[in-house]
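Chemist: I would like to see how this sequence folds:
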Amino acid sequence: MPPASPDDALGRFVTLGDTAEILKISVDEALALVRSGELAAIRVGRAADSSGGASMWRVERAVLEAYIEAKYEETRRMGLWNQAAFANIPELSGGTIVRGPRSPDDQPPGDES
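Modeler: Numbers count the residues shown, from 1 in each chain. Okay, here's the model as predicted:
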């Protein structure tokens, strides 16, 4: 049998506390990600109360890794969008105009600022 990797020691699922630690966020923020549906998780056990606390939720390691990879891709795409030629059109950029550095050739005639 091959030696177990460090990830195997964690098991298939991690708690929201572990998830928060991995993402460097608070447990409440991790719970908010789960409740919003942004991070898929399963609810296990019976709640002592109906609060649905963080101790009831488990996130599959593969799902957490996919979430992290998706966030990297989202950041990469936003960086590319901000560099794109159409990022200065408010209708396409979510209402904000992203301007890069202007060269003197880009200034309208009579605008010496």
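
Chemist: list the helices and strands the helix ranked longest in the chain packs on?
Modeler: Residue-count comparison of every helix in the chain, with assignments taken from DSSP state H, identifies helix 61-83 as the longest. Other helices and strands packing on helix 61-83, by 3 or more Cβ pairs under 8 Å, 6 or more residues apart in numbering; DSSP states H and E, are strand 13-15, helix 16-23. Placement of C-beta: from N, CA and C, glycine included.

Chemist: out of those, which comes closest to Arg76?
Modeler: Arg76 lies closest to helix 16-23 among the helices and strands packed on helix 61-83, at 18.1 Å (Cβ to Cβ).

Chemist: export the helices and strands packed on helix 61-83 to JSON lines and tack on mean pLDDT?
Modeler: Written out in JSON lines, the entries for the helices and strands packed on helix 61-83 read as follows (pLDDT from 0 to 100):
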{"stretch": "strand 13-15", "mean pLDDT": "94"}
{"stretch": "helix 16-23", "mean pLDDT": "95"}
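
Chemist: how about these, which one is nearest Ile42?
Modeler: Taking Cβ to Cβ as the criterion, strand 13-15 is the member of the helices and strands packed on helix 61-83 that comes nearest to Ile42, at 7.6 Å.

Chemist: so Arg58 touches Ile42, yeah?
Modeler: Yes - between Arg58 and Ile42 a contact is recorded at 5.4 Å, counting by Cβ atoms under 8 Å.
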